[in-house]
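Colleague: Sequence and predicted model, in that order:
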Amino acid sequence: MDYRHYLWHQSRNDFVKQYPYLKFDSPGPKDPCPGGKSGLFAIEPHASFPNNYNLEILKKYDSYITSSGEFFKVAKENGINATFVAGSVRWFEYKTPNSHEHSKHFKDFNEKINGISLFSRSRTVNNRWLNEHNRRNDINDGNIIALREYLFKKIKDQTKSNLTFDLYGTSGAYGGLKSKGYVNNKFEVITKYKYHLCFDSSYHHIFSPDRISEKIIDCLFCKTIPVYLGCWNIEEYISTDCFIDFRKYTGNLQGLVDYMENITRQQYIDMTELGFEIASELVKNYGTKEQLTAALDKTK
């Protein structure tokens, strides 16, 4: 567990103590317990915990907190006492880069590996995601979790480039791509490469607007260019001048690798410096501990 996630878990435990009636994720059909006040904080995305967004289940709670702006509107329209908080709950203990280990690992453009990395945590991708039918069904519901491995391999196999493609994580291997192993320090790995494929778990017009996880923020703080898909309206928070918007290349993977190979050193520096500045401001203004506390207090 890295430094930031350690703090995140510590703070989450503090919140549990302060708001004992509040459930964090994983609502069940029989939740909440009868009697007394109840609330649900939907931290995880729809792809991971669909019940976080099940209206019939949510109606059983006295209050509900979400970071999806569009689903917040849907919840309100259905009579749910919902509160919206922008940003990611995982941001609020993000230290500024000058006091964080990000800055220890910065590498110059010429020192970086001319390639793209991917973190894979799914142990079931080999069994499930080679099944095209299952993959398409989940995509229609906004679930893009295993698109990470699928597209990573597809880009590598179906395009011509001199880019290096390195997979890391616990999946072991995927379709002939062997993992380089478990990552102890993700910042150290991310910053070694010019690019990092970072897809959030959901891409959906209802479930993913305004919802930005730590993945793209990690890349921006590491001064590595993210290849990103996830938040439906990401451009309202992060300029597309500092990351590669995968939506532009869904039908043109060769165009994607051509673009990555032809970015000049100065273009790369301009993009990563802008991204660093935007990420620094973003974590100061969204998903702060004060904002989260204010949202939680509304459930009292």
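Modeller: Yep, that arrived.
Colleague: CA atoms for contacts and neighbours, from now on please.
Modeller: Will do.
Colleague: Summarise which helices and strands the biggest helix by length in the chain is packed against.
Modeller: When the chain is parsed with DSSP state H, its longest helix is helix 265-285. Helix 265-285 sits against helix 214-221, strand 225-229, with contacts defined as 3 or more Cα pairs under 8 Å, 6 or more residues apart in numbering; DSSP states H and E.
Colleague: Could you dump these into JSON lines and include mean pLDDT and distance to Lys248?
Modeller: Shown next, in JSON lines, are the helices and strands packed on helix 265-285 (pLDDT from 0 to 100; distance: least, Cα to Cα, whole Å):
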{"stretch": "helix 214-221", "mean pLDDT": "91", "distance to Lys248": "17"}
{"stretch": "strand 225-229", "mean pLDDT": "98", "distance to Lys248": "10"}
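Colleague: now for the ones you listed, which one comes closest to Ser202?
Modeller: When the helices and strands packed on helix 265-285 are compared by Cα to Cα, strand 225-229 sits nearest Ser202, at 8.5 Å.
Colleague: Relative to that closest one, what are the paired strands and their orientations?
Modeller: Strand 225-229 has its sheet partners listed here by DSSP bridges as strand 193-199 (parallel), strand 244-245 (parallel).
Colleague: That one vs helix 265-285, what angle?
Modeller: 60 degrees (axes from the mean of the first three to the mean of the last three Cα atoms, to 10 degrees).
Colleague: Dump the C-alpha coordinates for strand 225-229 into CSV.
Modeller: Presented in CSV, the C-alpha positions along strand 225-229 are these (Å, rounded to 0.1, in the frame of the first residue of the first chain):
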residue,chain,number,x,y,z
ILE,A,225,1.5,11.9,-20.6
PRO,A,226,-1.7,9.8,-19.9
VAL,A,227,-3.6,8.0,-22.6
TYR,A,228,-7.0,8.4,-20.9
LEU,A,229,-10.6,7.3,-21.0
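Colleague: Contacts made by it with the rest, please.
Modeller: Contacting residues not belonging to strand 225-229 are listed as 194-200, 203, 216, 219-220, 242-247, 268, 271-272 [Cα atoms under 8 Å, 6 or more residues apart in numbering].
Colleague: let's see 10 Å
Modeller: Applying Cα atoms under 10 Å, 6 or more residues apart in numbering, the contact partners of strand 225-229 are 116-117, 144, 147-148, 190-191, 193-203, 215-220, 234, 240, 242-247, 256, 260, 268-269, 271-272, 275.
Colleague: Where does pLDDT dip in the protein?
Modeller: 1-17, 19, 25-36, 88-105, 121-140, 171-175 (pLDDT under 70).
Colleague: What are the boundaries of the helices in it?
Modeller: 3-18, 55-58, 69-77, 125-128, 132-140, 147-158, 186-190, 214-221, 253-262, 265-285, 289-297.
Colleague: Out of those helices, which is the most enclosed?
Modeller: Ranked by mean neighbour count, the helices of the chain are led by helix 214-221 with a mean of 23 (mean count of other Cα atoms under 10 Å).
Colleague: which secondary structure elements does that helix contact?
Modeller: helix 186-190, strand 193-199, strand 225-229, helix 265-285 (3 or more Cα pairs under 10 Å, 6 or more residues apart in numbering; DSSP states H and E).
Colleague: Those: which one's closest to Thr83?
Modeller: helix 265-285 (17.5 Å).
Colleague: rewinding a little: mind putting the helices and strands packed on helix 265-285 into a markdown table with distance to Asp297?
Modeller: Below are those laid out as a markdown table (distance: least, Cα to Cα, whole Å):
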| stretch | distance to Asp297 |
| --- | --- |
| helix 214-221 | 24 |
| strand 225-229 | 32 |
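Colleague: Of those, which is nearest Asn78?
Modeller: With Cα to Cα as the measure, strand 225-229 is the member of these nearest Asn78 (28.9 Å).
Colleague: what is the orientation angle of that closest one with helix 214-221?
Modeller: Going by the same axes, to 10 degrees, strand 225-229 makes 160 degrees with helix 214-221.
Colleague: For Arg265, which non-adjacent residue is closest in space?
Modeller: Nearest non-adjacent residue to Arg265, counting by Cα to Cα, 6 or more residues apart in numbering: Phe109, 6.3 Å away.
Colleague: Quick one: neighbours of the one you found, just the number.
Modeller: Neighbour count for Phe109, taken as other Cα atoms under 10 Å: 19.
Colleague: so it makes contact with Tyr268?
Modeller: Yes: using Cα atoms under 10 Å as the test, Phe109 is close enough to Tyr268 to be in contact (7.4 Å).
Colleague: Overlap in contacts, those two.
Modeller: Common contacts of Phe109 and Tyr268 (Cα under 10 Å, 6+ apart): Lys194, Lys223, Thr224.
Colleague: Drop anything exposed from those.
Modeller: Applying 16 or more other Cα atoms under 10 Å to those, the neighbour count classes Lys194, Lys223, Thr224 as buried.
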